[in-house]
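Undergrad: fold the following and give me the result.
(one chain, ligands or ions: 1)
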Amino acid sequence: MQGSANLNVMIKAARKAGRSLVKDFREVENLQVSRKGAGDFVSRADLASETIIKEELMGARPTYGWTAEESEASEGTDPTRRWIVDPLDGTTNFLHGLPHWAVSIALEHKGQIVAGVVFDPAKDEMFFAEKGQGAWMNESRLRVSGRRKMTDAIFATGLPFSGRADLPETLQELARILPVTSGVRRWGTASLDMTYVAAGRFDGFWERGLNIWDIAAGLLIVREAGGLAEPLRPKADLPGDGEVICANELLFDQFAKIIRNT
Ligand code: IPD
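TA: Residues are numbered from 1 along each chain as shown. Below is the predicted model:
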């Protein structure tokens with residue numbers, strides 16, 4: 001697909017950050033056996049990735065606003081556009097030497113996500129979409145799965161960690177969905193969970209307690225691949241409130257009914 005100039009800037013930034021992260025990831029794999037662990041090192045890798053992305057994006061479009069995981073948000077002189085960036089989604093996977101993490105970059109215009117890039121450098125998979133132009137992974141057009149039976153489908157989610165208060169409701173959701181599906185996965189990178197729905201690898205995904213930078217790009221990619229995406233609680237703001245439920249259009253209603261318990 002012939003992308004816009006903005007999309008090309010985003011892809012270039014994601015690739016450059018990805019190269020830096022891959023180098024650091026090799027080091028992290030070595031640090032697994034050390035007693036001190038890789039915590040500080042990973043924080044530096046995350047920051048370095050954000051610095052690279054910020055230089056690329058703000059260098060090319062200095063008037064746009066900026067919202068990202070590791071630095072202060074800023075309003076641009078163009079108040080209608082902002083970059084929304086997670087320089088390393090799946091930080092815990094990265095820290096543990098698990099090769100499943102991503103760089104996520106979205107562009108918002110007048111409150112709508114108009115372009116999204118999620119790059120998985122470990123697998124060299126570049127997922128991207130622009131509003132109205134379809135969704136892509138490298139050279140291939142993406143399409144959500146065609147499964148229509150819950151019993152054939154697999155779903156992804158995120159499980160609350162570190163004593164988060166939403167554990168009971170998540171456990172109830174799992175108790176409702178596990179008996180009626182082919183299974184649930186917890187892979188630890190929300191942006192990739194969403195692109196996997198877009199690619200038909202997962203049939204659906206739900207999670208709460210996320211941040212806008214975890215889901216902004218994935219949201220557009222799922223929708224452009226023909227999937228449906230809504231906030232988990234119907235009146236919440238998506239992506240601003242950090243909760244999402246998405247699936248192929250054949251399963252969405254059944255799936256959402258079970259998860260929302262309606
Ligand atoms: C995390 C991942 C993970 C999700 C967590 C997020 P981070 O993002 O997206 O899948 O379950 O809630 O915090 O912190 O690695 O950018």
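
Undergrad: so which bits of stretch 64-72 are buried?
TA: Judged by neighbour count (16 or more other C-beta atoms under 10 Å), stretch 64-72 contains these buried residues: Tyr64, Gly65, Trp66, Thr67, Ala68, Glu69, Glu70. Quick note: C-beta positions are derived from backbone N, CA and C, even for glycine.

Undergrad: show me what it is in contact with.
TA: Residues from elsewhere that reach stretch 64-72 (C-beta atoms under 8 Å, 6 or more residues apart in numbering): 46-47, 50, 53-54, 57-58, 73-76, 78-79, 81-88, 107, 211-213.

Undergrad: so which of these belong to strands?
TA: Judged by DSSP state E, strands contain the following of the contacts of stretch 64-72: Arg81, Arg82, Trp83, Ile84, Val85, Asp86, Pro87, Leu88, Leu107.

Undergrad: list just the nearest of the residues you listed to the ligand.
TA: The ligand lies nearest to Asp86 out of these, by C-beta to the nearest ligand atom, at 5.1 Å.

Undergrad: which non-adjacent residue is nearest the most centrally placed residue in the chain?
TA: Nearest to the mean C-alpha position of the chain, counting by C-alpha atoms, centre = their mean, stands Ser191 at 1.3 Å. Leaving aside its sequence neighbours, Ser191 sits nearest to Ser104 (C-beta to C-beta, 6 or more residues apart in numbering; 4.1 Å).

Undergrad: give me the element that neighbour is part of.
TA: Take DSSP states H and E as the rule and Ser104 turns out to sit in strand 102-109.

Undergrad: buried stuff in that strand?
TA: By 16+ other C-beta under 10 Å, the buried positions in strand 102-109 come out as Ala102, Val103, Ser104, Ile105, Ala106, Leu107, Glu108.

Undergrad: again with stretch 138-149
TA: Residues Leu142, Arg143, Val144, Ser145, Arg147 are the ones in stretch 138-149 that count as buried (16+ other C-beta under 10 Å).

Undergrad: assign the fourth one to helix, strand or coil.
TA: Taken by DSSP: H, G, I helix; E, B strand; the rest coil, the conformation at Ser145 corresponds to coil.

Undergrad: can you tell me how far it is from the ligand?
TA: 20 Å (C-beta to the nearest ligand atom, to the nearest Å).

Undergrad: just the first one next, same as before
TA: Taking C-beta to the nearest ligand atom as the measure, Leu142 and the ligand are separated by 20 Å.

Undergrad: what does Arg35 give?
TA: Shown here: Arg35 relative to the ligand, a distance of 24 Å by C-beta to the nearest ligand atom.

Undergrad: what of Ile113?
TA: For Ile113, the distance to the ligand - C-beta to the nearest ligand atom - is 17 Å.

Undergrad: next one, pLDDT for Gly226 please.
TA: The model reports Gly226 with a pLDDT of 98.

Undergrad: how many residues are close by it?
TA: 17 (other C-beta atoms under 10 Å).

Undergrad: one more: Val33?
TA: 8.

Undergrad: what about it, which SS state?
TA: Following three-state DSSP, Val33 is assigned to coil.

Undergrad: tell me who's in contact with it.
TA: Shown in contact with Val33 (C-beta under 8 Å, 6+ apart): no residues.

Undergrad: repeat the analysis, applying 10 Å as the threshold.
TA: Going by C-beta atoms under 10 Å, 6 or more residues apart in numbering, Val33 touches Gly97.

Undergrad: surely the residue nearest to the centre of the chain touches Ala217?
TA: Yes: Ser191 lies in contact with Ala217 (C-beta atoms under 10 Å); the separation is 6.2 Å.

Undergrad: which neighbours do those two have in common?
TA: Residues touching both Ser191 and Ala217 (C-beta under 10 Å, 6+ apart): Asp86, Asp89, Ala102, Val103, Ser104, Ile105, Ala106, Gly116, Val117, Val118, Phe119, Phe127.
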